[in-house]
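Trainee: I need the structure of the sequence given here:
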Amino acid sequence: MLATLTDRRDFDDGWLLERKLDGERCVARKDGGEVRLQSRTGKDLTGTYPEIREAVKTQGARQLLLDGEVVAYDGEQTSFSRLQQRLGNARPSPAQVAAYPVVYCVFDLLELDDEALTDRPLRERRARLEPAIRPSPALQITEAWRGDSERRFAEACRSGWEGLVAKRTDAPYTRGRSTDWLKLKCAWEQEFIVGGFTDPGGSRTDFGALLVGYNENGRLRYAGKVGTGYSAATLHDLGARLRALETPESPFVDARPVPRSTHWTRPELVGQIGFAEWTTDGRLRQPRFLGLRDDKGPSEVVRERAR
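Mentor: Presented below is the predicted three-dimensional model:
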């Protein structure tokens, strides 16, 4: 179940508010002594997060199906760049696990001891989640609040959070994007498809900026170039992947004007991009690269619009 972007800020007691987390969505299934972790695209994450696997395995219930977000913390803030050190690594070493620990933040209970709960209202699922789970350093239950939503949103933004998610308490759990779950963002951030890159300038290595876009009516729309947010390691690793994807034709329908020294790529990579706002001509203002996403395919990427 996925949340829809909204500009709404006033929510009554018929809604639960939770912290919006910047991580990798994950469903965890426990059947007896067996545990499987799975991304929203169906990718097996069991080996990627061994500490979460063990935390789920030690829960008292015989059978569980949990929904939540895997995050890495930098102080009290979730850090997608730190999580990148674990993303896609099916066999992390003990040193990597220790250096970049993750936490599974659980916010929903979909099955309990072979009883399906997806058709039950959220308030019942949450009420049954808390006694069913024993928290540990690698597994926590997200906090949820009711009421005073405008104040809570303002406090979330002042605290440096990404935002809040508002969930209708009487809603069942349904597959796909829903207006029963709404995301309230403190700053603009979403996924974009990489369709090209520019040559590096000055002391920069490997590439200068990414050219990114989104799907609209079956075509790839250009959203702008992203020239900041890269570490030296990211420039090296991502540069190699970009060169392997080079193609002579632009994948965009409207990449104008074309930046100097542009190289086009097949639109196979998805990046997480933060930005100040959309301009009136449909470009990103002050974009910055946050990381690659391997849990979302290019076909899923559209321009998020508030409802």
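Trainee: alpha carbons only: can I get the longest strand along the chain in PDB?
Mentor: Ranked by residue count and defined by DSSP state E, the top strand of the chain is strand 262-275. C-alpha atoms of strand 262-275 as PDB (Å, rounded to 0.1, in the frame of the first residue of the first chain):
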ATOM      1  CA  THR A 262      26.000  15.400 -23.100                       C
ATOM      2  CA  HIS A 263      26.000  11.600 -23.300                       C
ATOM      3  CA  TRP A 264      22.700   9.800 -23.500                       C
ATOM      4  CA  THR A 265      22.000   6.600 -21.700                       C
ATOM      5  CA  ARG A 266      19.400   3.900 -21.700                       C
ATOM      6  CA  PRO A 267      16.800   4.900 -19.100                       C
ATOM      7  CA  GLU A 268      17.500   2.000 -16.700                       C
ATOM      8  CA  LEU A 269      18.800   3.700 -13.500                       C
ATOM      9  CA  VAL A 270      16.600   5.400 -10.900                       C
ATOM     10  CA  GLY A 271      18.000   8.100  -8.600                       C
ATOM     11  CA  GLN A 272      16.600   9.700  -5.500                       C
ATOM     12  CA  ILE A 273      16.700  13.500  -6.000                       C
ATOM     13  CA  GLY A 274      16.000  16.300  -3.600                       C
ATOM     14  CA  PHE A 275      15.100  19.800  -4.900                       C
END
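Trainee: the next helix or strand after it pairs with which strands, parallel or anti?
Mentor: Next helix or strand after strand 262-275 toward the C-terminus (DSSP states H and E): strand 277-278. Here strand 277-278 is paired, per DSSP bridges, with strand 284-285 (antiparallel).
Trainee: ok, residues contacting the partner strand?
Mentor: Defining contact as CB atoms under 8 Å, 6 or more residues apart in numbering, one finds that strand 284-285 is touched by 212, 223, 224, 226, 273, 275, 276, 277, 278, 279. Yep, even glycine has a C-beta here, placed from its N, CA and C like the rest.
Trainee: quick one: which of those residues is most hemmed in?
Mentor: Using other CB atoms under 10 Å as the neighbour test, the contacts of strand 284-285 are led by residue 212, with 28 neighbours.
Trainee: leaving out sequence neighbours, find the closest residue to that residue.
Mentor: Nearest residue to residue 212 in three dimensions, chain neighbours excluded: residue 192, at 3.8 Å (CB to CB, 6 or more residues apart in numbering).
Trainee: and the pLDDT for the one you found?
Mentor: As predicted, residue 192 sits at a pLDDT of 98.
Trainee: make 432 the starting number, not 1.
Mentor: Okay, using 432 as the starting number, the last item reads as residue 623.
Trainee: beta partners for residue 504?
Mentor: residue 509.
Trainee: over to residue 434?
Mentor: Beta-bridge pairing for residue 434 (DSSP bridges): residue 609.
Trainee: identify the residues contacting the closest residue to residue 456 other than its chain neighbours.
Mentor: Distances taken as CB to CB, 6+ apart put residue 471 closest to residue 456, at 4.4 Å, once the chain neighbours are dropped. Residues in contact with residue 471 (CB under 8 Å, 6+ apart) are 433, 456, 457, 458, 726, 727.
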